[in-house]
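Q: only geometry, no sequence info:
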């Protein structure tokens, strides 16, 4: 099964619509699914993302080695809005730890990502988000690194605020 973990409903909506997913009513978190794909709306932040992964794992029969994808928004100093990246390194600013997802041969650019505890409007040459480190740590408990992926869409930069 493929599990998407997203922070907000607006991030989830394209996947829900594309795969015609239905809301899972028995779940304590917001999950949409069909027989092959699920989308969990975890809420913003690395703790919420980790909880979303864990809830999804237990909701779907505790199957090890499913595919996990963190789909979400990221900021960067200069990348054009809408540009899409995957993540090759995650730095958690709070605990000062780094994580290294598997880098595959997908036809997508890779970038480093800094996970922050709260929104920041000072940009650097790395992506910024609030979920990647929590998502990766949790998904890595339930799947091999080759099956854990990131899709980050640039939502803001120095010229275009997220607000």
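A: Sure, I can see it. All values derive from a computational prediction rather than experimental measurement.

Q: So, low pLDDT: which residues of this protein?
A: Residue ranges of the chain with pLDDT under 70: 27.

Q: where exactly do the strands run in it?
A: 2-6, 22-23, 30-33, 37-41, 67-75, 84-92, 97-99, 110-115, 127-129, 148-156 (DSSP state E).

Q: Please produce TSV containing these, extended by distance to residue 162.
A: To be clear about C-beta, it is placed using only N, CA and C from the backbone, and glycine gets the same treatment. Formatted as TSV, those follow (distance: least, CB to CB, whole Å):
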stretch	distance to residue 162
strand 2-6	16
strand 22-23	27
strand 30-33	22
strand 37-41	18
strand 67-75	7
strand 84-92	16
strand 97-99	24
strand 110-115	15
strand 127-129	10
strand 148-156	4
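
Q: nearest to residue 60, of those?
A: With distances scored as CB to CB, the stretch of the strands of the chain nearest to residue 60 is strand 37-41 (6.5 Å).

Q: Show me the beta-bridge partners of the residue nearest the centre of the chain.
A: Residue closest to the average C-alpha location in the chain (CA atoms, centre = their mean): residue 70, at 2.3 Å. Here residue 70 sits in beta bridges with residue 5, residue 150, going by DSSP bridges.

Q: Off-centre distance for the lengthiest helix in the chain?
A: For the chain, the helix that runs over the most residues, judged by DSSP state H, is helix 46-59. Relative to its parent chain, helix 46-59 has a centroid offset of 11 Å by CA atoms, centre = their mean, to the nearest Å.

Q: Buried residues, that helix. List them.
A: 46, 48, 49, 50, 51, 52, 53, 54, 55, 56, 57, 59 (16 or more other CB atoms under 10 Å).

Q: so who does the second one touch?
A: When contacts are counted by CB atoms under 8 Å, 6 or more residues apart in numbering, residue 48 touches 7, 42, 131, 134.

Q: which residues touch the first one?
A: Read that as residue 7. Neighbours of residue 7 in contact, by CB under 8 Å, 6+ apart: 41, 42, 43, 44, 45, 48, 49, 72, 73, 130, 131.

Q: do you know how far it is from residue 68?
A: 15 Å (CB to CB, to the nearest Å).

Q: what's the burial count for the closest residue to residue 89 other than its chain neighbours?
A: Leaving aside its chain neighbours, residue 89 sits nearest to residue 112 (4.4 Å; criterion: CB to CB, 6 or more residues apart in numbering). Using other CB atoms under 10 Å, residue 112 has 15 neighbouring residues.

Q: doesn't residue 41 make contact with residue 9?
A: Yes - taking CB atoms under 8 Å as the definition, residue 9 is a contact partner of residue 41 at 5.5 Å.
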